[in-house]
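**Q** model this:
(2 chains)
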Amino acid sequence: NAGVTQTPKFQVLKTGQSMTLQCAQDMNHEYMSWYRQDPGMGLRLIHYSVGAGITDQGEVPNGYNVSRSTTEDFPLRLLSAAPSQTSVYFCASSYSTATNEKLFFGSGTQLSVL
Amino acid sequence: GQQVMQIPQYQHVQEGEDFTTYCNSSTTLSNIQWYKQRPGGHPVFLIQLVKSGEVKKQKRLTFQFGEAKKNSSLHITATQTTDVGTYFCAGPNNNAGNMLTFGGGTRLMVKP
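**A** Model (predicted):
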């Protein structure tokens, strides 16, 4: 199993550009989520999904969209990038949260918005 | 909303010294998880604590969950250079489908 796969690893955008961060998992996990990591602020939840076709907002959802058309994929879209979105983005998955299963993280995407 | 705080934010230790990071939640937690992130890497699950007052050990690492289930700690005995990284605690957020809310992390640096 590859686990959680994120692409790209690095990306530089200009303000106003759009892009999609890809995330795929092959563990048949129901729960998937996106976090951003900024210095001193830990990991903050952007959006999450509890299953195909179901998504919801996390702590910092503004400026981001998500969709979950399949169990495996959970892309994160930036419609109009802003410098405040410069961060490291992690996708994570878990079997469930009924007993708060552990999260499996992807390797991250380092995004810079100029 | 729910807040999870960690102290200290940074810690420099000499190799062989002990290290402790503390985690406090604004709400009672059903459980708490700890993760380690190596420099340039991604967070990796270490352990989950569920019971009030629970203590678990992994080799030189000792994890505690407070009696009120609002605080936790991670203690490393005789640190090694392999312990370098950022340690995060995380608790389920009832307002976000029980997804995890993470503390700000404690970055551990070990001088050989």
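**Q** next, give phi and psi for B:Ser73.
**A** As for B:Ser73, its main-chain torsions (degrees, to the nearest 10) stand at phi -150, psi 150.
**Q** what about it, distance to A:Gly51?
**A** 35 Å (CB to CB, to the nearest Å). In this view, the C-beta of every residue, glycine as well, is placed from N, C-alpha and C.
**Q** can you map out the strands along chain A?
**A** A:4-7, A:10-13, A:19-25, A:31-37, A:43-51, A:54-57, A:64-66, A:76-78, A:87-94, A:104-105, A:109-113 (DSSP state E).
**Q** neighbouring strands - and their directions - for the last one?
**A** So the one you mean is strand A:109-113. Within its sheet, strand A:109-113 is paired with strand A:10-13 (parallel), strand A:87-94 (antiparallel), according to DSSP bridges.
**Q** most packed of the ones you listed?
**A** Highest mean neighbour count of the strands paired with strand A:109-113: strand A:87-94, a mean of 23 (counted as mean count of other CB atoms under 10 Å in any protein chain shown).
**Q** any idea of the mean pLDDT for that one?
**A** Averaging pLDDT along strand A:87-94 gives 97.
**Q** got the angle for that strand vs strand A:19-25?
**A** Comparing the axes of strand A:87-94 and strand A:19-25 via axes from the mean of the first three to the mean of the last three CA atoms, to 10 degrees yields an angle of 30 degrees.
**Q** now strand A:87-94, how far from the centre of its chain.
**A** Put simply, strand A:87-94 sits 5 Å off its chain's centre (CA atoms, centre = their mean, to the nearest Å).
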